[in-house]
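Q: I'd like to go over a predicted model; first the sequence, then the structure.
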Protein chains: 2
Amino acid sequence: MLKYQLIANQIENHIYENDLPKDTKLPTVEQLASDYGVSKSTIVKALESLVLKGIIYQVQGSGIFVRRRNRNGYINFTSPMGFTDNLKGNQITSKVLDLQLIKPNDEIYEYLECDDDEDIYQVKRVRYIDNKIMCYEESYYKKSIVAYLNQEIVQGSIFEYLKKAFNITTSFQDRYFYVCALNEELAELLMLNVNDPALVTYNQCYLPSGIIFNYSKIVYNYKNTQFYDQSSTIK
Amino acid sequence: MLKYQLIANQIENHIYENDLPKDTKLPTVEQLASDYGVSKSTIVKALESLVLKGIIYQVQGSGIFVRRRNRNGYINFTSPMGFTDNLKGNQITSKVLDLQLIKPNDEIYEYLECDDDEDIYQVKRVRYIDNKIMCYEESYYKKSIVAYLNQEIVQGSIFEYLKKAFNITTSFQDRYFYVCALNEELAELLMLNVNDPALVTYNQCYLPSGIIFNYSKIVYNYKNTQFYDQSSTIK
């Protein structure tokens, strides 16, 4: 990790550990450089990354301020990091419905951008937030990249496992989504009624090399989920 | 606009005007610096902003590549720019249901972060995409910032008007959203059935100074909307 990233993480932790409210004014660049024992240009880069991450905002001539924090229990919709990392204040658990190696059908072949007839891990799970059904998820991983999965691993956070075991993290992600009425099969999985509303997302996760390693479909239980995201006009 | 932003816009336009497909390899930094007649560091900054915008991705030791483009008609969920700017390939129109100056109620007072009893413009519109109902929107603007609105202005793109008339653009945005079943009033506005599913978003738009100038609630017609977003792990 580069130095400015370390500093950015430290500043972010400082904000959260001290529960600094929205619009709190942070020290100046000069003061931060002195406090952290680094150059001003390192501080400037750290602050830029925190602006883009939505942690702070900078006002020309006024200073650096804390941005609104996410409300507890709201799923951060922009985070490519996985639910367990996203919702640290909540307990995320899973019921594994299926784990097997398959050959890709047309849809998986296209969205996972498979080579030929490669082996794909298929994972079907119901995810719970604080013991309430959060979503139903079908995920597909290329075995050529994710070499090994088992029941115990997919019982927990797959993204955490991928990071520890293979040093795999999502570099960037494409997502398509829409809202629809639940059919009988999905309603049963989510313990809702037929025709209840649902958010459905299709996600493609890319390695830094630009290769897709994961394709997943997630159907959310509308009663137990609410979402939060932030955007900035890129300067 | 800074030089690297101009260059970034030109590179982006080049990609879209030439319809370069996903994974197209772009020229090297050296070649781009020569082509555009700027320094390599200007090119590097331009490319960094395009990575964050989701236009390209960079692979260490390999080069710079075009990322997946949004499908036509999908609403870019991360864009803080307004629908008209977002959906250039589609015709966005509005039916204005209400425009008036009001005093803030508790909810508006809190989410628009009003001072005292200031005047607020209330705008209620049904928005159409290619003549199909896209959403119902209730928006609130501080008159202290958005000095003037009339029927003709709110018939079109309010964000475009704000930019031209007051040089106001959204610097950053917070959004909360969830999915629910439509009540009778909203179902009628969207020309859907009671209990049909809907995505509901609450949006707060901030000026660069960190002051909120707009608070809006949007309820989407699920039959005529699908969404797209992208995220990158901030490096």
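A: Ah, there it is.
Q: switch to C-alpha atoms for all contacts and neighbour counts from now on
A: OK.
Q: List the beta-bridge partners for the closest residue to residue A:113 other than its chain neighbours.
A: Of all residues not flanking residue A:113 in the chain, residue A:212 sits nearest, at 6.9 Å (CA to CA, 6 or more residues apart in numbering or on different chains). Beta-bridge partners of residue A:212, counted by DSSP bridges, are residue A:206.
Q: Could you report the distance from residue A:212 to chain B?
A: 12 Å (CA to the nearest CA, to the nearest Å).
Q: what does residue A:203 give?
A: According to CA to the nearest CA, residue A:203 and chain B sit 9 Å apart.
Q: Tell me if that residue really is in a helix.
A: No. If the criterion is DSSP: H, G, I helix; E, B strand; the rest coil, then residue A:203 is strand and not within a helix.
Q: just to revisit the earlier point, how many neighbours does the residue nearest to residue A:113 have?
A: Look at residue A:212: counted by other CA atoms under 10 Å in any protein chain shown, it has 23 neighbours.
Q: Then residue A:76?
A: 20.
Q: rewinding a little: what's near enough to touch the residue nearest to residue A:113?
A: A:112-113, A:204-206 (CA atoms under 8 Å, 6 or more residues apart in numbering or on different chains).
Q: tell me which residues of the helix or strand bottoming out on mean pLDDT in chain A are tucked away?
A: Taking mean pLDDT, DSSP states H and E as the measure, the helix or strand of chain A with the lowest value is helix A:83-86, at a mean of 74. Going by neighbour count (16 or more other CA atoms under 10 Å in any protein chain shown), the buried part of helix A:83-86 is A:83-84, A:86.
Q: after that helix comes which helix or strand?
A: For helix A:83-86, the succeeding helix or strand toward the C-terminus, using DSSP states H and E, is strand A:92-102.
Q: what lines up beside that following strand in the sheet?
A: With DSSP bridges as the test, strand A:92-102 is paired with strand A:120-129 (antiparallel).
Q: before we move on, back to that, tell me what the least confident helix or strand of chain A is packed against?
A: If you count contacts as 3 or more CA pairs under 8 Å, 6 or more residues apart in numbering or on different chains; DSSP states H and E, helix A:83-86 packs onto strand A:75-76.
Q: which outside residues touch the strand it packs on?
A: Strand A:75-76 has contacts (CA under 8 Å, 6+ apart) with A:70, A:83, A:86-87, A:225-229.
Q: roughly how far apart are the closest residue to residue A:82 other than its chain neighbours and residue A:153?
A: Distance criterion CA to CA, 6+ apart; nearest residue to residue A:82, sequence neighbours excluded, is residue A:159 at 6.3 Å. Taking CA to CA, to the nearest Å as the measure, residue A:159 and residue A:153 are separated by 10 Å.
Q: These two: who's more crowded?
A: residue A:159 (21 against 14).
Q: Could I get the phi/psi values of that one?
A: Here is the backbone geometry of residue A:159 (degrees, to the nearest 10): phi -60, psi -40.
Q: That one and residue A:165 touch, don't they?
A: No. Counting by CA atoms under 8 Å, residue A:165 is not a contact partner of residue A:159; they are 9.9 Å apart.
Q: Residue A:59 and chain B, how far apart?
A: To chain B, residue A:59 is 5 Å away according to CA to the nearest CA.
Q: how about the spatially closest residue to that residue that is not a sequence neighbour, secondary structure?
A: Leaving out its chain neighbours, the residue that sits closest to residue A:59 by CA to CA, 6+ apart is residue B:209, at 5.4 Å. Classification of residue B:209 using three-state DSSP returns coil.
Q: just checking, residue B:209 touches residue A:61?
A: No. The criterion here is CA under 8 Å, and residue B:209 misses it with residue A:61 at 9.9 Å.
Q: who has more neighbours, the two?
A: The residue with more neighbours, out of residue B:209 and residue A:61 and counting by other CA under 10 Å, is residue B:209; that gives 15 against 7.
Q: okay, and for chain A, where does confidence drop off?
A: Counting by pLDDT under 70, the low-confidence segments of chain A come to A:1, A:80-81, A:233-235.
Q: do that again at 50, thanks
A: A:235 (pLDDT under 50).
Q: which SSE is the residue at the greatest distance from the centre of chain A in?
A: Distance from the C-alpha centroid of chain A, by CA atoms, centre = their mean, peaks at residue A:61 (34.1 Å). For residue A:61, there is no enclosing helix or strand under DSSP H and E.
Q: Pop the domain breakdown of chain A in here.
A: Split into domains by automatic domain parsing, chain A comes to A:3-66, A:74-228.
Q: Help me confirm that residue A:15 is found in a helix?
A: Yes. Residue A:15 forms part of a helix when assessed by three-state DSSP.
Q: Distance check, the nearest residue to it once chain neighbours are set aside against residue A:168.
A: Using CA to CA, 6+ apart and skipping the chain neighbours, the partner closest in space to residue A:15 is residue A:66 (7.7 Å). As judged by CA to CA, residue A:66 and residue A:168 stand 31 Å apart.
Q: The two: which has the busier surroundings?
A: When residue A:66 and residue A:168 are compared for neighbours, residue A:66 comes out ahead with 22 against 18, by other CA under 10 Å.
Q: so that one sits right up against residue A:57, yeah?
A: Yes. When contacts are counted by CA under 8 Å, residue A:66 is listed as touching residue A:57 (6.5 Å).
Q: all strands of chain A, in order?
A: A:56-59, A:63-66, A:75-76, A:92-102, A:120-129, A:132-142, A:172-181, A:197-206, A:212-220, A:227-232 (DSSP state E).
Q: Residue B:35: which of those strands is closest?
A: strand A:172-181 (28.3 Å; CA to CA).
Q: Residues contacting the closest one, please?
A: With CA under 8 Å, 6+ apart as the criterion, strand A:172-181 contacts A:80, A:194-208, B:68, B:179, B:196-199, B:222, B:225-233.
Q: What is the neighbour count of residue A:194?
A: For residue A:194, using other CA under 10 Å, the count is 14.
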